[in-house]
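J.: dropping the sequence and predicted coords here.
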Amino acid sequence: MPFYKLRNGIFYIFEQMKKYIPLFFILFSLAVSAQEKNAATQQLDLYNDTLKIIVKKLYNSKTDSEKQKWNQQLLTTFEQALNSTNSFDYPFDSINDIARIMSPDKTFRIINWNVPKNDGTQEYFGFIQKKQIEIIKKGLLKKEKTETILLFPLIDKSSEIKNAESYVSDNKKWYGMLYYKIIIKKTKSNTYYTLLAWDGNDKLSSKKIIDVLTFDKNGTPHFGADIFNMGKVHQKRVIFEHAVTCTMSLKYSEKKDSIIFDHLVPPLPQLEGQYQYYCPDLGCDGFGFKHEKWNFCTDINATNEKNEKDKMYVNPLNTSPVRQSNTLIKRGKIKQEKK
């Protein structure tokens with residue numbers, strides 16, 4: 001075979017190979033990525049199995065000291081798991097008694113649990129795991145987007161907080177509770193994540209709570225915000241306390257875009273203000289989001305599917321008398337039961 005034909009043949013083969021080299025590297029990188037992802041998932045599976053065992057030990061413990069020991073192991077193991085690769089997308093959904101809720105915009109999630117003490121009180125623990133996206137300038141025109149995962153432990157300081165309704169803090173001085181719902185509301189100045197929660201409180205009463213979560217420019221969480229319009233009362237969160245023998249409903253209606261809850265009353269006039277005796281009556285109250293605030297409204301028809309949002313605005317100059325903590329607006333005197 002003449003040399004020039006051999007040479008041309010080699011050049012032809014080389015030119016054809018050049019077409020497939022990028023594809024080869026893409027397939028190779030995908031294979032390596034899949035292998036790494038599989039290894040990370042296997043590691044998270046091991047963490048998940050360990051966490052299930054620890055949680056079972058925790059809630060089967062009889063003494064406070066035993067619970068404290070297992071809870072410390074739970075905190076340590078969860079922190080290690082949540083700092084692992086690909087942990088943000090790992091559900092941990094096979095672990096009982098642990099609350100896991102993702103924000104509607106998929107930017108953070110709360111992993112949260114309670115430890116009941118033998119005196120009837122509760123202590124709360126958990127983490128906020130957040131995606132932080134930063135835009136880094138590369139030269140005059142080029143920008144690069146980077147994504148990091150931030151982890152914030154929730155440190156319960158409830159026992160040290162006197163005025164919880166007006167309390168604002170970060171995750172290190174947190175008013176502890178167990179979250180079960182996240183509602184996102186965006187305004188011109190901020191993004192507010194309204195949280196619905198439960199607090200076991202003590203042997204006599206339980207609480208339902210409407211809390212607020214925001215993040216600063218560094219991604220640090222802050223709890224409590226002045227977005228509740230209740231006439232002359234300005235609260236950073238709303239707390240409802242009622243008897244442990246009763247069940248109170250506190251939920252978000254997507255159709256009404258409103259937070260709806262049972263109206264709480266004492267069984268007798270002389271028990272007004274003693275919230276360990278309060279129970280729901282047949283009425284419902286609520287908050288509708290308008291003018292960048294949650295606006296309080298009484299007598300909501302919880303079964304009516306029509307949008308009542310326009311009714312949910314309380315004039316800040318309203319002189320209606322307001323009750324403390326769990327019963328917001330008075331509805332007149334309670335009639336004395338006939339003996």
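T.: It's in. Numbers count the residues shown, from 1 in each chain.
J.: when you work out contacts or count neighbours from here on, use the C-alpha atoms and nothing else.
T.: Noted.
J.: where does pLDDT dip in this protein?
T.: Applying pLDDT under 70 to the chain picks out residues 1-37, 139, 302-339.
J.: now with 50, please.
T.: Along the chain, the model assigns pLDDT under 50 to residues 3-4, 25, 27-28, 30-34, 305-339.
J.: now the helices for it?
T.: Here the chain has its helices, by DSSP state H, at 3-60, 64-82.
J.: ok, how many other residues are close to E134?
T.: 12 (other C-alpha atoms under 10 Å).
J.: residue contacts, it?
T.: 145-147 (C-alpha atoms under 8 Å, 6 or more residues apart in numbering).
J.: and the residues you listed as a markdown table, adding neighbour count?
T.: Below are the contacts of E134 laid out as a markdown table (neighbours: other C-alpha atoms under 10 Å):
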| residue | neighbour count |
| --- | --- |
| K145 | 9 |
| T146 | 10 |
| E147 | 10 |
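J.: Q72: which of the residues you listed is nearest?
T.: Minimum distance to Q72 across these is 29.8 Å, recorded for E147 (C-alpha to C-alpha).
J.: in the sheet, who's paired with the closest one?
T.: According to DSSP bridges, the partner residues bridging E147 are I133.
J.: dump the residue contacts of it.
T.: 131-134.
J.: report the central residue of this protein.
T.: Geometric centre of the chain, nearest residue: I110, 4.7 Å, by C-alpha atoms, centre = their mean.
J.: and stretch 119-133, what's buried?
T.: 121-131 (16 or more other C-alpha atoms under 10 Å).
J.: show me what counts as buried in stretch 72-82.
T.: Buried residues in stretch 72-82 (16+ other C-alpha under 10 Å): 73-75, 77-79, 81-82.
J.: other residues contacting that stretch?
T.: With contacts defined as C-alpha under 8 Å, 6+ apart, stretch 72-82 is touched by 44, 47, 51, 54-55, 87-88, 126, 129, 151.
J.: and it, how far out from the chain middle?
T.: Offset of stretch 72-82 from its chain centre (C-alpha atoms, centre = their mean, to the nearest Å): 19 Å.
J.: can you check stretch 70-88 too?
T.: Its chain's C-alpha centre and that of stretch 70-88 lie 18 Å apart, by C-alpha atoms, centre = their mean.
J.: just stretch 259-278 next, same as before
T.: Offset of stretch 259-278 from its chain centre (C-alpha atoms, centre = their mean): 27 Å.
J.: same question for stretch 218-237.
T.: Centroid separation for stretch 218-237 versus its chain: 15 Å, with C-alpha atoms, centre = their mean.
J.: same check on stretch 57-76?
T.: That offset, for stretch 57-76, works out to 23 Å (C-alpha atoms, centre = their mean).
J.: swap in stretch 91-98?
T.: Computed by C-alpha atoms, centre = their mean, the chain-centroid distance of stretch 91-98 equals 15 Å.
J.: contacts for that stretch, please.
T.: By C-alpha under 8 Å, 6+ apart, the list of residues contacting stretch 91-98 reads 48, 51-52, 55, 100, 111-113.
J.: which residues are contacting stretch 211-228?
T.: 130, 132, 150, 152, 166-171, 174, 190-197, 234-238, 292-296.
J.: among those residues, name the buried ones.
T.: Using 16+ other C-alpha under 10 Å as the burial test, those include 130, 150, 152, 167-168, 170-171, 174, 192-197, 234-238, 292-296 as buried.
J.: would you agree N86 is in contact with A40?
T.: Yes: the pair N86 / A40 is scored as a contact, 6.8 Å apart, by C-alpha atoms under 8 Å.
J.: which neighbours do the two share?
T.: The overlap between the contact sets of N86 and A40 (C-alpha under 8 Å, 6+ apart) is empty.
J.: before we move on, back to that, and the closest residue to the residue nearest to the centre of the chain other than its chain neighbours, what is it in contact with?
T.: Spatially, and ignoring its direct neighbours in sequence, I110 is nearest to I128 (4.7 Å; C-alpha to C-alpha, 6 or more residues apart in numbering). When contacts are counted by C-alpha under 8 Å, 6+ apart, I128 touches 108-111, 151-154.
J.: R237 reaches S166, doesn't it?
T.: Yes: between R237 and S166 there is a contact under C-alpha under 8 Å: 6.9 Å.
J.: in strands, which of the buried ones among the contacts of stretch 211-228 appear?
T.: The strands, defined by DSSP state E, take in 130, 150, 152, 170, 192-197, 238, 293-296 from the buried ones among the contacts of stretch 211-228.
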